[in-house]
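**Q** Okay, sequence plus prediction incoming.
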Amino acid sequence: MKSLEDYLKQMKTNDVVKATQEARMKNAALLNDQGLAAIAILFSDILAEVIKSPEILLPKLAQQRSEGKEITNASAEQPRS
């Protein structure tokens, strides 16, 4: 097996710079992928909570439910701009 000293004789500065740049590009792409995946997971968790408990976004619906009133189309009662 070759040692580091064997490789140092063959390596050139341009090779090291090029390899470093390629490694940085791959690392940035991986970080972007991980960030997108994390955002997707967060969004899906929020969406699941809203579907499970819509009163989170619609306080009027929560009020109607607590008063025992018949649930109507809450968006029809709100003015549109």
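**A** Perfect, thanks for sending it. In this text the structure is predicted, and so the values were computed from the model without any measurement. Numbers count the residues shown, from 1 in each chain.

**Q** Which strand or helix spans the closest residue to Ile56 other than its chain neighbours?
**A** Counting by Cβ to Cβ, 6 or more residues apart in numbering, Ile56 lies nearest to Val50, which is 5.6 Å off, once chain neighbours are set aside. All C-beta spots, glycine's among them, are computed from the backbone N, C-alpha and C. Here Val50 sits within helix 13-52, counting by DSSP states H and E.

**Q** isn't the residue nearest to Ile56 right up against Ser44?
**A** No: when contacts are counted by Cβ atoms under 8 Å, Val50 is not listed as touching Ser44 (10.8 Å).

**Q** which of these two has more neighbours?
**A** Val50 (13 against 10; other Cβ atoms under 10 Å).

**Q** pLDDT score for that one?
**A** For Val50, the pLDDT comes out at 84.

**Q** Likewise for Val17?
**A** Looking at Val17, the pLDDT reads 87.

**Q** how far away is it from Ala29?
**A** Counting by Cβ to Cβ, to the nearest Å, the gap from Val17 to Ala29 is 19 Å.

**Q** sorry, back to before: which parts of the helix holding Val50 are buried?
**A** Neighbour counts using 16 or more other Cβ atoms under 10 Å place no residue of helix 13-52 among the buried ones.
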